[in-house]
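J.: here's a sequence, model it:
(one chain, ligands or ions: 2)
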Amino acid sequence: MTAETDVQVVPYAIGMTDRFRGITVREGVLLSGPVGWGEFCPFPEYDDTVAARWLATAVEACTVGWPAPLRQDIPVNCIVPAVSPERAVELVLASGCATAKVKVAERPDSLAEDVARIEAVRSALGPGGAIRVDANTRWDADQAVRALRQLVRAAGELEYAEQPCRTVEELAEVRRRVDVRIAADESIRQAADPTRVPLGEAADVAVIKCTPLGGVRRALEVAESTGLPCVVSSALETSVGLAAQVALAAALPELPFACGLGTVSLFREDVVAPGESLRPQKGFIRVPGAALVPDAAALASVQMSDPVRRAWWRARLERAVDGLPQPSAAPIGWRRT
Ligand SMILES: O=C(O)CCC(=O)C1=CC=C[C@@H](O)[C@@H]1C(=O)O
Ligand SMILES: [Mg+2]
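T.: Ligands and ions are numbered 1, 2, ... in the order given. Below you'll find the model as predicted:
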């Protein structure tokens, strides 16, 4: 166990370039431990049980590290939030990525805007690029079928549609009715047991995120259990937390699609030195040769200054430590007591 003086707990707040998932400022906590740094950044609305799984991912990073990589470069998609067509073009062109994931269905009446965004992304990517969409459960099956037919026309072709509806049954129905691959995201990461989701008729692709699943090793088990090709996707972490997702992508036996790991580009600042930031370069993220360590100047700039928010994160961290399967696995300095 690590002495309290050896570990650090650093709440951060980082402005975003574009609103994403309703968020304009990303908050979380960077944590150090005996073998490196991890990140605890469950979204504010998540309860303590969910937050404890996010903390388990940081415990793994800080105390044991990750399995050895099988590859050195991870192809990634550029992420296009629900922005204007003009902004979508800027994001795609700036990314250098050949694949774009476009958020759709932000509002019940957003289909016309979604179509315009997809057309803009196609014009920026050119005919050879791949476009995937993510509706984050917002359609029912009929809405999904209608929307996907229009979005396929706008895109020319869709690589897949991520979580168009909430339930596995609805995913299966949409998959039967439209000629587009279906990817499961929330159906896996929000399941009571993510290794036992009946995806057989419902999905062609599994979106796997180690940050909410409790670590890289746990995510590898979940990935295997799906029996599907996997896409590793971010949970909107800084480079320190994203390094775990990159380690997962590097350790998967097969990686047939680009991963959803381009999200550091949505951050105005990062927590590591600019040369170490896990922003995609020409559509790829290089697997870091060593664990990422925050940069002192970057940390000084992103440290959370609001004492109320700092106390809120500190208390949340302490509750999440209590919620770990093995609270003693957390370095003792993560608790105030
Ligand atoms: O997959 C990507 O390219 C970006 C990551 C992404 O879309 C997400 C990150 C964080 C929270 C999720 O709601 C969202 C997703 O639904 O996949
Ligand atoms: Mg998703």
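
J.: quick one: contacts for Leu125?
T.: Val92, Ala98, Ala100, Ile131 (CB atoms under 8 Å, 6 or more residues apart in numbering). In this view, the C-beta of every residue, glycine as well, is placed from N, C-alpha and C.

J.: does the first one belong to a helix or a strand, and which?
T.: Same thing as Val92. Taking DSSP states H and E as the definition, Val92 sits inside helix 85-95.

J.: quick one: average pLDDT of that helix?
T.: Rounded to a whole number, the mean pLDDT of helix 85-95 is 97.

J.: quick one: is it near ligand 1?
T.: No. Using CB under 6 Å from any ligand atom, helix 85-95 stays clear of ligand 1, with a minimum separation of 10.7 Å.

J.: pull the distance from that helix to the chain's centre.
T.: 20 Å (CA atoms, centre = their mean, to the nearest Å).

J.: now, which of the contacts of Leu125 lie within strands?
T.: Ala100, Ile131 (DSSP state E).

J.: quick revisit: now do the buried residues in the helix holding Val92.
T.: Pro85, Arg87, Ala88, Val89, Glu90, Leu91, Val92, Ser95 (16 or more other CB atoms under 10 Å).

J.: look up the closest residue to whichever residue of the chain sits closest to ligand 2, ignoring the ones flanking it.
T.: For the chain, the residue closest to ligand 2 is Asp185, as judged by CB to the ion, at 3.6 Å. Take Asp185 and drop its neighbours on the chain: the residue closest to it by CB to CB, 6 or more residues apart in numbering is Val207, 3.9 Å away.

J.: residues touching that neighbour, list them.
T.: Glu162, Gln163, Ala183, Ala184, Asp185, Ile188, Arg189, Cys230, Val231, Val232, Ser233, Gly260.

J.: contacting residues for the residue of the stretch 201-337 of the chain found nearest ligand 1?
T.: Closest residue of the stretch 201-337 of the chain to ligand 1, CB to the nearest ligand atom: Gly260 (2.2 Å). The neighbours of Gly260, taking CB under 8 Å, 6+ apart as the test, are Val76, Asn77, Ile79, Lys101, Val207, Val231, Val232, Ser233, Ser234.
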